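Asks: Here is my input, please return the structure:
(one chain, ligands or ions: 1)
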Amino acid sequence: MALIALSDIRFAYPGHAPVLDGVSLRLMPGQRLSLTGPNGAGKSTLLRIALGLQRPDAGTVTAFGTPRRQEADFHEVRRRIGLVFQDPDDQLFCPTVAEDVAFGPLNLGRSRDEALAIVDRVLGDLDLAHLRDRITHKLSGGEKRLVTLATVLAMEPEALLLDEPTNALDPKNEGRLLEILRALPQAILLVSHSAAFRAALAPDALDLRDGRLVPS
Ligand SMILES: Nc1ncnc2c1ncn2[C@@H]1O[C@H](COP(=O)(O)OP(=O)(O)OP(=O)(O)O)[C@@H](O)[C@H]1O
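Replies: Next up, the predicted model:
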């Protein structure tokens, strides 16, 4: 069963030509899939629609076998599928790194102690323990990107949607991120302009062109 399936999705921002004009896509457990396409092609829009952060004009989003239409339908989807946004500032909103990483688990009903144990484990796994008590908005761009991934992994999602995860990372951290992501069991849908990163993490790719997906 697909973790997430988009079927004949159509979407236009009001007053603009369609961004998505009949897009269908399935992400299976354990699958690694890249999404390519020029700037403005609609890749981020597609990820947001998959998690119900925007509603399509037509077409169906099905997650874990159930069609999702209303906001309430997507709560479970966003709990089970993690999206790393293109801009970390859309995702980090707590005063400190530890609070940002604990936010998801606390929201899922974990106790304070359980959430703090998850914070330490996830930050340790990502080699970010030194950032634990830092003020989030004072982190560098690359540090923010890695902390954003930590906030998503803390939710123990079944799939990851990654929107330009290497943005702002130096070559060493890009290599480390690649190692970390390759070792994860989760399905990954990767949006990246880096051909090398795509080839190493998710060589199967679909190209978004003129509102449609074609094998690349
Ligand atoms: N809120 C909005 N209102 C109007 N147009 C928007 C809005 N958000 C995005 N767009 C436009 O929709 C198109 C698709 O944007 P989107 O961010 O999905 O593209 P993308 O493929 O992710 O691009 P990039 O590779 O540059 O990140 C672009 O032309 C963008 O300017």
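Asks: Return the residues of the protein in contact with the ligand.
Replies: Contacts of the chain with the ligand, taken as Cβ under 6 Å from any ligand atom, map to Tyr13, His16, Val19, Gly37, Asn39, Gly40, Ala41, Gly42, Lys43, Ser44, Thr45, Gln86. Every residue, glycine included, has its C-beta placed from N, CA and C.
Asks: What's the PyMOL line that selects buried ones from the residues you listed?
Replies: In PyMOL, this line selects whichever of those come out buried by 16 or more other Cβ atoms under 10 Å:
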select buried, resi 19+37+41+42+43+44+45+86
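Asks: from the residues of the chain next to the ligand, which ones fall inside helices?
Replies: Residues of the residues of the chain next to the ligand located in helices (DSSP state H): Lys43, Ser44, Thr45.
Asks: Can you tell me, leaving aside adjacent residues, what's nearest to the last one?
Replies: When the adjacent residues along the chain are set aside, Thr45 lies closest to Val19, with 5.3 Å between them (Cβ to Cβ, 6 or more residues apart in numbering).
Asks: And for Pro67, the neighbour number?
Replies: 11 (other Cβ atoms under 10 Å).
Asks: Report the separation between it and the ligand.
Replies: 23 Å (Cβ to the nearest ligand atom, to the nearest Å).
Asks: Just to be sure, that residue is in a helix?
Replies: No. Secondary structure of Pro67 (DSSP: H, G, I helix; E, B strand; the rest coil): strand, not part of a helix.
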